[in-house]
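J.: Here is a sequence with its predicted model. Questions after.
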Amino acid sequence: MTSETFSPGLDGVIATDTKISLLDTDVEMIIVRGYDLIELAQNLNYTDVAYLVIYGRLPTEAQGREFCETLAEQAEIPDELYRLFELMPKSTVAMDALRTGISFLAGFEDPDLLNDNSHEANLKKGLKLLAQVPALAVNSYRALNDMPFVRPDQSLGYMENFMYMLRGEKPDAVSLDAFDRIHMCYIEHEMPNSTFAARVIASTLADMYGAMVGAVASLKGRLHGGANEAAIEFLLDILKEGGPPRAEAYVMEKLEARARIMGFGHRVYMKKYDPRAKFLMEYIPRLADRVPDGEELASIYNTVEQVMFREKALYPNTDFPIGLLYYELGIPIPLYTPIFLASRTAGNVAHVLEQHDDNRLFRPRVIYSGARDLHPPDKAISPG
Ligand SMILES: CC(C)(COP(=O)(O)OP(=O)(O)OC[C@H]1O[C@@H](n2cnc3c(N)ncnc32)[C@H](O)[C@@H]1OP(=O)(O)O)[C@@H](O)C(=O)NCCC(=O)NCCS
C-alpha cells in the first residue's frame with residue numbers, strides 16, 4: 001500500500017455501494033431512495049419518510065397506517081429501563097444514557113432474533129428500536145433531571161407522542177409541524193461518521209443493537225451530531241456577552257483564536273450550502289416569538305452566518321439552524337443530540353439491513369510510521 005491511497009479522515013474515499021442516499025453536491029441535493037430529501041420534508045411526514053428509507057419505497061395509505069400502528073404498539077420500553085435510568089448517576093450525559101438504554105434493550109431481545117442477521121429479523125429489531133428510541137431518549141433525560149416519567153401514549157401518532165413525552169402535554173399544531181420537518185431533515189445523510197460506524201460494526205456480523213450503540217457513541221461527538229448543542233450554546237454565549245451588537249466582534253475574536261464555530265463547515269459540502277439548513281432557516285423567524293429572546297437570537301444567527309461566510313467562506317450546516325429551532329421549541333439542550341439520533345435511527349436501520357444483506361468485512365490498512373527492528377531484552381523487566 002502506498003501513500004497515494006492514503007486519505008486522512010478517509011476524505012473522498014468510497015466506503016460502500018448503497019441504494020439508500022447520496023449527497024449530490026453538484027446539484028446541492030440530498031437524494032434519498034431516489035427522492036429529493038427537501039421535497040420529502042416539504043410534503044410528507046416523518047413516518048412516511050422513515051418507511052421510505054427502511055423499505056426503499058413510499059408506503060401506500062394502508063402500509064403507512066400499519067407502519068404507524070406497529071411503531072405505536074412497540075413504543076413502550078420495559079419497566080427495567082425506567083429503573084435503570086433512576087440508578088444512573090445524575091451527572092450522566094443524556095446521550096450516554098440513551099447509548100446505555102439501547103445497549104440494555106438488547107438483553108430483552110429474543111436470543112434467536114438477536115443473533116439472526118437475516119433481512120426479516122433485522123427489520124423486526126430495527127422497527128422496535130425506531131419505536132422505542134423516543135421513550136428511551138426522553139425518559140432517561142427525565143430521570144437524570146428528577147422529572148416524572150412520561151410513558152408513551154400509544155393513541156398518539158409517532159411524532160406527536162415524542163413531543164408529548166418531551167413536554168408532558170400534547171403539542172400545538174405549529175410546534176408539531178416544525179418538529180416533524182426537522183426530524184425528516186435529520187433522517188438520513190449518506191455516510192456520516194455514525195452511519196459508517198454502524199456499518200463497520202455490522203460488517204463483523206455483530207447485531208443491530210451493537211451497531212446502533214456504536215452509532216450513538218459516534219453521533220455524540222461535537223464534530224458530528226453534538227454540533228447542534230454546541231451551536232445553540234454559542235448563540236446563547238453571544239446573547240449573554242452583549243447580544244446582537246456584540247455578535248460580529250465575538251465571532252471575529254473566536255476566529256482570531258482559531259476556534260471552530262460549531263454548526264459551520266462540512267466534510268462533503270464544505271464550500272456549499274447544506275440544503276437542509278437552507279430549508280430549515282425559514283422556520284427560525286416563524287418560531288421566534290415562542291421564547292423571550294427569540295428575536296435577538298435570530299439576529300445573532302444572521303450575523304454569525306454573514307461573518308462566517310465573509311471571513312471563512314463557510315456556510316452553516318443543518319445543526320446551526322436546528323440548534324436554534326429546538327431552542328425555540330422549548331426543548332432542553334442536552335436532548336438535542338439524542339433527538340437527532342432518534343431521527344437518524346431510521347437511516348441507520350436501513351444501512352445495517354443493507355450491510356447484512358450483502359456483507360463484506362470492513363478492514364482497512366495503515367501507513368506505519370512507528371519504529372521497527374527493536375528487540376526485547378532477554379529477561380523480564382517487571383516482577384510480573
Ligand atoms: C464538519 C467538520 C468536522 C469537517 O471537517 P473536515 O472535513 O475534516 O475539514 P477540516 O477540519 O480539515 O477543515 C478545513 C478548513 O476549514 C476550516 N473550518 C472547517 N470548519 C470550520 C468551522 N466550523 N469553524 C472554523 N473553521 C472551520 C478549518 O479550520 C480548516 O481551515 P485550514 O485549512 O485553514 O486549517 C468541520 O467543518 C467542523 O469542525 N465543523 C464544526 C462542527 C460541526 O458543525 N459539525 C457538524 C457537521 S454536520
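T.: In hand now; what should we look at?
J.: C-alpha from now on. contacts and neighbour counts both.
T.: Will do.
J.: Around R290, count how many other residues there are.
T.: R290 has 15 neighbours, counted by other CA atoms under 10 Å.
J.: Quick check: it touching E328?
T.: Yes. In this structure, R290 is within contact of E328 by CA atoms under 8 Å, at 5.9 Å.
J.: need the residues of this structure near the ligand, please.
T.: Proximity of the chain to the ligand (CA under 6 Å from any ligand atom) is limited to residues 223-224, 227, 260-267, 317.
J.: Columns pLDDT, neighbour count and secondary structure on top of these, output as CSV?
T.: Shown next, in CSV, are the residues of the chain next to the ligand (pLDDT from 0 to 100; neighbours: other CA atoms under 10 Å; DSSP: H, G, I helix; E, B strand; the rest coil):
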residue, pLDDT, neighbour count, secondary structure
L223, 97, 18, coil
H224, 97, 18, coil
A227, 97, 26, helix
R260, 97, 11, coil
I261, 97, 19, coil
M262, 96, 22, coil
G263, 97, 29, coil
F264, 97, 24, strand
G265, 95, 23, coil
H266, 95, 18, coil
R267, 95, 10, coil
N317, 96, 24, coil
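J.: show me where pLDDT drops low in the stretch 51-200 of the chain?
T.: The model of the stretch 51-200 of the chain has no residue with pLDDT under 70.
J.: Residue in it with the shortest distance to the ligand?
T.: Closest contact between the stretch 51-200 of the chain and the ligand, by CA to the nearest ligand atom, is at P192 (8.2 Å).
J.: give me the number of residues near that residue?
T.: 16.
J.: swap in I381?
T.: 8.
J.: Check E73 too.
T.: E73 has 16 neighbours, counted by other CA under 10 Å.
J.: For K379, which three-state class applies?
T.: Secondary structure for K379, judged by DSSP: H, G, I helix; E, B strand; the rest coil, is coil.
J.: Can you give me every residue that contacts the nearest residue to K272 once chain neighbours are set aside?
T.: The shortest distance from K272 to any non-neighbouring residue, by CA to CA, 6 or more residues apart in numbering, is to Y315 (6.6 Å). Residues near Y315 by CA atoms under 8 Å, 6 or more residues apart in numbering: 264-265, 270-274, 305, 308-309.
J.: and if you look at L287?
T.: Neighbours of L287 in contact, by CA under 8 Å, 6+ apart: 294, 325, 328-329.
J.: can you check D357 too?
T.: D357 touches 118-119, counting by CA under 8 Å, 6+ apart.
J.: Distance check, it against the ligand.
T.: Per CA to the nearest ligand atom, to the nearest Å, D357 is found 28 Å from the ligand.
J.: do the same with R33
T.: 21 Å.
J.: pretty sure that residue contacts Y51?
T.: No. Here R33 lies out of contact with Y51, judged by CA under 8 Å, at a distance of 10.8 Å.
J.: Which residues are in contact with each of these two?
T.: The contact sets of R33 and Y51 overlap at R57 (CA under 8 Å, 6+ apart).
J.: Okay, domains of the protein per the record?
T.: Listed domain ranges for the chain are 21-220+333-357, 227-328 (source: automatic domain parsing).
J.: excluding its backbone neighbours, what's nearest L114?
T.: Once flanking residues are discounted, L114 sits nearest to D207: 6.5 Å by CA to CA, 6+ apart.
J.: Hmm, that neighbour is touching N117, no?
T.: Yes. Look at D207 against N117 with CA under 8 Å: they come within range, at 6.7 Å.
J.: From M308, how far out is the residue nearest to K272?
T.: 7 Å (CA to CA, to the nearest Å).
J.: Give the intersection of the neighbour lists for those two.
T.: Contact criterion CA under 8 Å, 6+ apart; residues shared by Y315 and M308: F264.
J.: for the helix ranked longest in the chain, which positions count as buried?
T.: Ranked by residue count under DSSP state H, the longest helix found in the chain is helix 119-144. Using 16 or more other CA atoms under 10 Å as the test for burial, helix 119-144 gives 121-123, 125-144.
J.: With stretch 324-338 instead?
T.: Quick answer for stretch 324-338 (16+ other CA under 10 Å): 324-329, 331, 333, 335-338.
J.: Kindly reformat those residues as a markdown table and extend each row with distance to V216.
T.: Below are these laid out as a markdown table (distance: CA to CA, whole Å):
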| residue | distance to V216 |
| --- | --- |
| L324 | 22 |
| L325 | 22 |
| Y326 | 19 |
| Y327 | 22 |
| E328 | 25 |
| L329 | 23 |
| I331 | 19 |
| I333 | 17 |
| L335 | 13 |
| Y336 | 13 |
| T337 | 9 |
| P338 | 8 |
